[in-house]
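[1] One predicted model, sequence on top.
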Amino acid sequence: MTAKAGQAFDIGRAVSDVESLLAAELPTDGDPVSEGDPATGEWTGTRGAGYRIMPIWEGDDLTGVYGVDWNEAEDAAMANLALVTGELDRRWGPHRKVPMHVPMFRKQAGTPMPALFQSLSDLDCYGDLAVWGPTPADGRWVAVSVNQCDGDAPMIMTAVVSRFAITELPE
């Protein structure tokens, strides 16, 4: 699924990935483009006008995992997200939650939405976003989330950096 497959969760690496993304140049224009590892084709990131999205962790494949074991995998992914949000809260203050149910409904209805939310929807990244911004150093907005594109797919933690405000879409 992503270039992070097979890597154990490491809070230091996850936060470092967010910092790298925050320092990266953001495109000023152009259509969204998803990028993959040249050797494997696994997703490494998506960029669009004013934003970048990238995976910072991927859990184990959940094919054939059910019941208690599936719940434990989800709990572990949420615990990993809590570690990242806790560290980023210490840096930038408390995050805000931006729910992703509106983009999901808009995609199902074929209703337009801002490019960042369209890209997240196209990637099946429907985990609610923990958002900080604008950041003190450069005024960018940062978000992280955990999601799963279907019941057998691994949990994926993604990070977003945007030059535009990341706020809840109206219903």
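    Everything's here; your move. Residues are numbered from 1 along each chain as shown.

[2] contacts and neighbour counts: CA atoms only from here.
    Will do.

[3] Mind listing what's buried along stretch 38-50?
    Buried positions in stretch 38-50, judged by neighbour count with 16 or more other Cα atoms under 10 Å: Trp43, Thr44, Gly45, Thr46, Arg47, Gly48, Ala49, Gly50.

[4] And stretch 87-97, by the same measure?
    Neighbour-count burial for stretch 87-97, counted by 16+ other Cα under 10 Å, picks out Leu88, Asp89, His95, Arg96, Lys97.

[5] Quick one: residues in contact with that stretch.
    Under the criterion Cα atoms under 8 Å, 6 or more residues apart in numbering, residues Val15, Thr85, Asp128, Leu129, Ala130, Val131, Trp132, Thr135, Pro136 lie in contact with stretch 87-97.

[6] give me that answer again for 7 Å
    Stretch 87-97 is contacted from outside by Asp128, Leu129, Ala130, Val131, Trp132, Thr135, using Cα atoms under 7 Å, 6 or more residues apart in numbering.

[7] can you map out the strands along this protein?
    Ranges of strands in the chain, per DSSP state E, are 33-36, 43-48, 51-58, 96-98, 129-132, 141-147, 156-162.

[8] Redo those strands as JSON lines? Include distance to Ala109 and mean pLDDT.
    Converted to JSON lines, those look like this (distance: least, Cα to Cα, whole Å; pLDDT from 0 to 100):
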{"stretch": "strand 33-36", "distance to Ala109": "23", "mean pLDDT": "95"}
{"stretch": "strand 43-48", "distance to Ala109": "22", "mean pLDDT": "97"}
{"stretch": "strand 51-58", "distance to Ala109": "24", "mean pLDDT": "97"}
{"stretch": "strand 96-98", "distance to Ala109": "20", "mean pLDDT": "98"}
{"stretch": "strand 129-132", "distance to Ala109": "21", "mean pLDDT": "98"}
{"stretch": "strand 141-147", "distance to Ala109": "21", "mean pLDDT": "97"}
{"stretch": "strand 156-162", "distance to Ala109": "24", "mean pLDDT": "98"}
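
[9] Pipe the ones you listed into TSV and attach distance to Gln7 per row.
    Output for the strands of the chain, formatted as TSV (distance: least, Cα to Cα, whole Å):
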stretch	distance to Gln7
strand 33-36	17
strand 43-48	14
strand 51-58	7
strand 96-98	27
strand 129-132	23
strand 141-147	16
strand 156-162	12
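
[10] Out of those, flag the one nearest Gln118.
    Closest of the strands of the chain to Gln118 is strand 43-48, at 10.3 Å (criterion: Cα to Cα).

[11] Lovely, talk soon.
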